[in-house]
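Q: Provided below are the primary sequence and the corresponding predicted coordinates.
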Amino acid sequence: MSTAPLLVFDFDGVLVDGMPEYWWSARRAALALHPDLQLPEQAPAAFAQLRPAIHKGWEMVLIAAELGRPGFDPAAALADYPATLGRALARSGHGAAELQESLERVRRQALERDPEGWLALHRFYPGVVERLAALAAEAADWSVLTTKGGAFAARLLEAAGLSPLAVDGHEQGSKPDVLLRLLQRGRPLWFVEDRRPTLELVRATPGLEEVRCFLALWGYLAPGDAEGLDPFGIHPLTAEGFGSPLARWP
């Protein structure tokens, strides 16, 4: 049994910057449900401002719709995001599953009609492809754990010539549940994520105490996310640190 770590990477905000695609798809999904919305072609600054709080794809659709509502205050929405989501969900008249399906339908159609155009809306962060390819020399395997649909993440990885051990999308369950299953492989797990609340949830989940958690400082962080990590057992990981040998990781 290998004692080398299995590195588990979040996808969006860790391996890939997909901000243009988020708005492109979320906008179309919102308009499919509410054709009367007035939404700009280019992502408004408020969408990027709210992105660190967004956890799942259906939330992107909901927030896109909210940005088309007169008087929407992104600062207030960010200050109490759970309450914002609840009110927006009630106002939309659509459930989370319907919003998620609207988003995935847009992505499926894009991959069928213009795969190159859809893939071009994403970019891997500098050095990521080369660093992942080099992990084999350190006897470390890696996988992807994302709230994106697994098939979409797999398509992007394939286009970059990358072959992870596994790609677990939202269909496989929550991130703590997937990590618990991965632990059954009997290998040390290192989890790299850019969403601090997700890392705090992992640290608080019984059975995951030995998972090494890293906050990707180049990702979609909210103000203050990189502060006070020590009490939670979360290690800050810079882009330079990510590129260094595993033995030098914090």
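A: That came through fine.

Q: from what I can see residue 140 touches residue 8, true?
A: No. In terms of C-beta atoms under 8 Å, residue 140 does not count as a neighbour of residue 8; the distance is 11.1 Å. Glycine gets a C-beta too; all of them are placed from N, C-alpha and C.

Q: now the helix ranked longest in the chain: buried residues?
A: For the chain, the longest helix by residue count, based on DSSP state H, is helix 96-113. Residues of helix 96-113 classed as buried by neighbour count (16 or more other C-beta atoms under 10 Å): 96, 99, 100, 101, 102, 103, 104, 106, 107, 110, 111.

Q: stretch 56-64 too?
A: Those would be 57, 58, 59, 60, 61, 62, 63, 64, for stretch 56-64 by 16+ other C-beta under 10 Å.

Q: the fourth one - nearest residue in space that isn't next to it in sequence?
A: So the one you mean is residue 60. For residue 60, ignoring the flanking residues on the chain, the nearest one in space by C-beta to C-beta, 6 or more residues apart in numbering is residue 26 at 4.0 Å.

Q: wait, residue 56 sits on residue 100?
A: Yes. Between residue 56 and residue 100 there is a contact at 7.2 Å, judged by C-beta under 8 Å.

Q: overlap in contacts of these two?
A: residue 170 (C-beta atoms under 8 Å, 6 or more residues apart in numbering).

Q: mark out where each domain of this structure begins and ends.
A: By the assignment in automatic domain parsing, the chain contains the domains 6-17+124-248, 19-119.

Q: I'd like these laid out as CSV, including mean pLDDT.
A: Shown next, in CSV, are the domains of the chain (pLDDT from 0 to 100):
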stretch, mean pLDDT
domain 6-17+124-248, 96
domain 19-119, 94
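
Q: name the SS class of residue 225, please.
A: Secondary structure, DSSP: H, G, I helix; E, B strand; the rest coil: residue 225 is coil.

Q: wait, doesn't it sit right on residue 52?
A: Yes. With contact defined as C-beta under 8 Å, residue 225 and residue 52 form a contacting pair (7.1 Å).

Q: and the residue nearest to residue 60, what helix or strand is that in?
A: Taking DSSP states H and E as the definition, one finds residue 26 inside helix 19-33.

Q: what are the ranges of the strands in this structure?
A: Applying DSSP state E to the chain gives strands spanning 6-9, 16-17, 123-124, 141-145, 167-168, 189-193, 212-216, 234-237.

Q: how about those in CSV, adding distance to residue 74 and mean neighbour count?
A: Shown next, in CSV, are these (distance: least, C-beta to C-beta, whole Å; neighbours: other C-beta atoms under 10 Å):
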stretch, distance to residue 74, mean neighbour count
strand 6-9, 29, 23
strand 16-17, 20, 21
strand 123-124, 25, 16
strand 141-145, 28, 22
strand 167-168, 31, 24
strand 189-193, 23, 23
strand 212-216, 23, 22
strand 234-237, 26, 20
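
Q: for these, could you give me CSV that also reports distance to residue 81?
A: Below are the strands of the chain laid out as CSV (distance: least, C-beta to C-beta, whole Å):
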stretch, distance to residue 81
strand 6-9, 24
strand 16-17, 22
strand 123-124, 27
strand 141-145, 22
strand 167-168, 25
strand 189-193, 18
strand 212-216, 19
strand 234-237, 20
